[in-house]
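A.B. asks: what's the 3D shape of this:
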Amino acid sequence: MSKVIKTGICSFGMSGQVFHAPFIYVNPGFEFTAVVERSKDLARQRYPNVKVYTSVADMLADKELELIVVNTPNYTHFEYVKAALEAGKNVIVEKPFTVTTAEAAALIALAKEKKLLLSVYHNRRYDSDFKIVRKVLNEGLLGDVLEAEIHYDRFKEELSYKKHKEVANPGTGSLYDLGSHLIDQGLQLFGFPKAVWADIRIIRKDSVVDDYFELVLYYDSLRVRLKCSYLIREALPSYQIHGRIGSFIKTKSDIQEAQLLRGLLPNSPDWGAEAPHEWGLLHTSIDGKTVKQYLPGTNGNYMDYYQGIYEAIANNAPNPVDPKDAENVIRIIEAAFQSSQEGRVINL
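C.D. replies: Have a look, this model is predicted:
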């Protein structure tokens with residue numbers, strides 16, 4: 001790689017420390033050049049050569065930087081992505097892309113006008129569990145899919161230590177936070193639906209933001225149910241896909257986040273490899289014979305996203321996550337809130 005993309009990260013909380021800096025640091029196509037930390041000095045302890053700024057505006061004025069990662073609270077995404085694009089920088093923005101589809105459309109138009117890359121970090125496309133589900137569907141092992149259910153459940157009554165996530169601001173709550181993952185996966189597997197129904201609730205004692213939702217995406221002959229609850233002690237399998245000739249059942253088993261939290265780097269041996277007890281169960285018919293077996297997953301690897309970003313900037317390759325995909329996620333979220341409030345199916 002001859003080109004090195006100098007990159008700045010807008011904050012160094014969990015997202016910066018776990019999901020972005022390690023991949024930028026390990027990939028030779030990038031340089032982790034700058035970061036915003038207003039009071040702490042954690043980034044420089046781990047990455048001694050990084051420049052530390054105390055504001056996003058100061059970092060955006062750094063002419064060296066070619067790529068900015070916007071990983072600040074959801075309600076700030078529009079403001080900071082807009083500022084970064086206007087400063088002539090390519091941008092990766094954390095999910096959810098924006099709070100509204102109007103904001104998303106405005107940013108897509110601005111990036112196009114400036115001829116800059118704008119990409120959304122829908123990293124769960126690169127989880128080992130999602131990759132094997134997509135492989136099973138692409139190979140037609142279930143026949144015509146009639147029903148699918150995808151879960152992202154937790155068991156946590158207490159509020160998050162990340163205070164901004166527990167304030168009733170635009171863009172907070174489980175549907176924006178975790179629902180954006182589930183919706184993106186649903187759209188990647190099955191396309192954009194014809195309609196959506198939703199039930200969105202608050203179930204924790206002291207919560208003021210939604211922490212439970214159920215969405216149903218309506219297709220011609222398929223229904224896709226997306227579910228999340230913060231009070232599920234014994235979780236169901238995260239993927240339950242049923243087709244005309246078979247079923248595939250899969251746990252949520254990607255280990256990358258756990259590896260990153262332990263301080264491992266994404267060039268470590270066995271990166272993203274699932275344990276055999278997490279393999280998905282395929283029960284179907286192949287060549288007229290009943291097959292019931294566990295399928296090993298391919299390794300998860302968020303580096304595939306970052307390598308895609310490098311190729312897009314350096315070699316004009318396709319954007320690994322088109323921002324129009326991420327805008328569609330926000331469209332579904334807005335329709336889901338309308339459905340839950342009005343108690344009806346919303347046509348899309």
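
A.B. asks: report the mean confidence score over stretch 29-48.
C.D. replies: Per-residue pLDDT over stretch 29-48 has a mean of 94.

A.B. asks: kindly report the same for stretch 230-247.
C.D. replies: Stretch 230-247 carries an average pLDDT of 96.

A.B. asks: what of stretch 123-132?
C.D. replies: Average pLDDT, stretch 123-132: 97.

A.B. asks: end-to-end on that stretch?
C.D. replies: Stretch 123-132 has its terminal residues 15 Å apart, counting by CA to CA, to the nearest Å.

A.B. asks: where does the protein have low pLDDT?
C.D. replies: 1 (pLDDT under 70).

A.B. asks: care to break it down by domain?
C.D. replies: Domains of the chain are assigned by automatic domain parsing as 5-121, 124-303+331-347.

A.B. asks: just name the most buried of the ones you listed.
C.D. replies: domain 5-121 (a mean of 19; mean count of other CB atoms under 10 Å). No exception for glycine: its C-beta is placed from N, CA and C like everyone else's.

A.B. asks: and the strands in the stretch 51-200 of the chain, which stretches?
C.D. replies: For the stretch 51-200 of the chain, strands defined by DSSP state E, counting those that start in this stretch occupy the ranges 51-53, 67-70, 90-94, 118-121, 145-151, 195-201.

A.B. asks: can I get those strands in a markdown table including distance to Ser39?
C.D. replies: Formatted as a markdown table, the strands of the stretch 51-200 of the chain follow (distance: least, CB to CB, whole Å):
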| stretch | distance to Ser39 |
| --- | --- |
| strand 51-53 | 11 |
| strand 67-70 | 20 |
| strand 90-94 | 21 |
| strand 118-121 | 25 |
| strand 145-151 | 37 |
| strand 195-201 | 35 |
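
A.B. asks: before we move on, back to that, what would the domains of the chain look like in CSV with distance to Asn319?
C.D. replies: Below are the domains of the chain laid out as CSV (distance: least, CB to CB, whole Å):
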stretch, distance to Asn319
domain 5-121, 5
domain 124-303+331-347, 13
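
A.B. asks: between these, which gets nearest to Pro320?
C.D. replies: Between Pro320 and these, the tightest spacing by CB to CB is seen for domain 5-121, at 6.4 Å.

A.B. asks: contacting residues for Ala21?
C.D. replies: 9, 12, 32, 35, 43, 46-47 (CB atoms under 8 Å, 6 or more residues apart in numbering).

A.B. asks: how about the nearest residue to Phe23, chain neighbours excluded?
C.D. replies: Spatial nearest neighbour of Phe23, chain neighbours left out: Tyr306 (4.5 Å); criterion: CB to CB, 6 or more residues apart in numbering.

A.B. asks: helices of the chain, start to end?
C.D. replies: Along the chain, counting by DSSP state H, helices occupy 14, 21-26, 42-46, 56-60, 77-86, 101-114, 128-138, 174-177, 179-190, 256-261, 303-315, 323-342.

A.B. asks: ok, the nearest residue to Ile332 once chain neighbours are set aside to Tyr230 distance?
C.D. replies: Among residues not flanking Ile332 along the chain, Ile183 sits closest, at 4.9 Å (CB to CB, 6+ apart). Noted for Ile183: a distance of 18 Å to Tyr230, by CB to CB, to the nearest Å.

A.B. asks: also Pro276?
C.D. replies: 29 Å.

A.B. asks: now the most centrally placed residue in the chain: how far from Glu94?
C.D. replies: Nearest to the geometric centre of the chain sits His122, at 3.0 Å (CA atoms, centre = their mean). As judged by CB to CB, His122 and Glu94 stand 9 Å apart.

A.B. asks: residue farthest from the centroid of the protein?
C.D. replies: Gly288 (38.2 Å).

A.B. asks: show the contacting residues for that one.
C.D. replies: With CB under 8 Å, 6+ apart, Gly288 has no contacts at all.

A.B. asks: likewise Ser285?
C.D. replies: 245-246, 291.

A.B. asks: ok, now Val4?
C.D. replies: Counting by CB under 8 Å, 6+ apart, Val4 makes contact with 28-31.

A.B. asks: 6 Å instead, please
C.D. replies: Neighbour list for Val4: Glu31 [criterion: CB atoms under 6 Å, 6 or more residues apart in numbering].

A.B. asks: ditto for Ser268
C.D. replies: Contacts for Ser268 (CB under 6 Å, 6+ apart) come out as none.

A.B. asks: how near is Gly280 to Glu139?
C.D. replies: Using CB to CB, we find Gly280 at a distance of 13 Å from Glu139.

A.B. asks: ditto for Gln240
C.D. replies: Remark: distance between Gln240 and Glu139 (CB to CB) = 18 Å.

A.B. asks: can you give me the distance of the residue nearest to Phe19 when sequence neighbours are not counted to Phe23?
C.D. replies: Nearest non-adjacent residue to Phe19, counting by CB to CB, 6+ apart: Asn123, 6.4 Å away. Asn123 is 10 Å from Phe23, where distance means CB to CB.
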